[in-house]
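Participant: Build the 3D model from these lines:
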Amino acid sequence: QVELVQSGGGLVQAGDSLRLSCAASSGMVSGHASAWFRRGSGNEREFVAAINAAGETLHAGSVRGRFTISRDDAKDTIYLQMNSLKPEDSAIYYCALRDGTSYYIQSRNYPHWGQGTQVTVSS
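Facilitator: Numbers count the residues shown, from 1 in each chain. All right, here's what the predicted structure looks like:
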């Protein structure tokens, strides 16, 4: 059983930065694809960013240039660096991990999920 434990998040002002972390329990980060999703005022989880086993990344258009996904295999941890935050970035953020090596933007392709962490950006 893979456990993903998230940390970071909180209440910040527009323009501030935050870094989210997602630590895996079982050495699964290395060699597998992972991603970040968020759920805002709607009910659907929106794709934010992904990284494949080779370290190639993909970022949603709404966050490109402001957010960066990364991974530390030695620490078995996934990160989301968020800069220039906007009020519309306010959401619950989730990390997700695949058993495979390729990333997808659809949440249904990720069987392992973190518990979620709230990010609130005030104007």
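Participant: Going by C-alpha atoms from here, please, whenever you check contacts or count neighbours.
Facilitator: OK.
Participant: my read: residue 93 touches residue 35, true?
Facilitator: No: counting by Cα atoms under 8 Å, residue 35 is not a contact partner of residue 93; they are 10.5 Å apart.
Participant: higher neighbour count, these two?
Facilitator: Using other Cα atoms under 10 Å as the criterion, residue 93 and residue 35 rank with residue 35 on top: 30 against 25.
Participant: Is the more buried one part of a helix or strand, or is it coil?
Facilitator: strand (DSSP: H, G, I helix; E, B strand; the rest coil).
Participant: ok, it - contacts?
Facilitator: Residue 35 makes contact with 47-51, 69, 95-97, 103, according to Cα atoms under 8 Å, 6 or more residues apart in numbering.
Participant: so of those, which ones are in strands?
Facilitator: 47-51, 69, 95-97 (DSSP state E).
Participant: what about residue 53, neighbour count?
Facilitator: Residue 53 has 18 neighbours, counted by other Cα under 10 Å.
Participant: Also residue 107?
Facilitator: By other Cα under 10 Å, 17 other residues sit near residue 107.
Participant: Equivalent analysis for residue 80, please.
Facilitator: Residue 80: 23 neighbours (other Cα under 10 Å).
Participant: In this model residue 66 seems to touch it, though I could be wrong.
Facilitator: No: the pair residue 80 / residue 66 is not scored as a contact, 10.3 Å apart, by Cα under 8 Å.
Participant: what are the bridge partners for the most centrally placed residue in the chain, then?
Facilitator: Centroid-nearest residue in the chain: residue 36, 2.5 Å away (criterion: Cα atoms, centre = their mean). When bridges are called by DSSP bridges, residue 36 pairs up with residue 49, residue 95.
Participant: my guess is it contacts residue 92, does it?
Facilitator: No: contact criterion Cα under 8 Å: residue 36 and residue 92 do not qualify, at 10.5 Å.
Participant: Pull out the buried positions in stretch 114-123.
Facilitator: Using 16 or more other Cα atoms under 10 Å as the test for burial, stretch 114-123 gives 114, 116-122.
Participant: brain fart, stretch 48-57
Facilitator: By 16+ other Cα under 10 Å, the buried positions in stretch 48-57 come out as 48-53, 55, 57.
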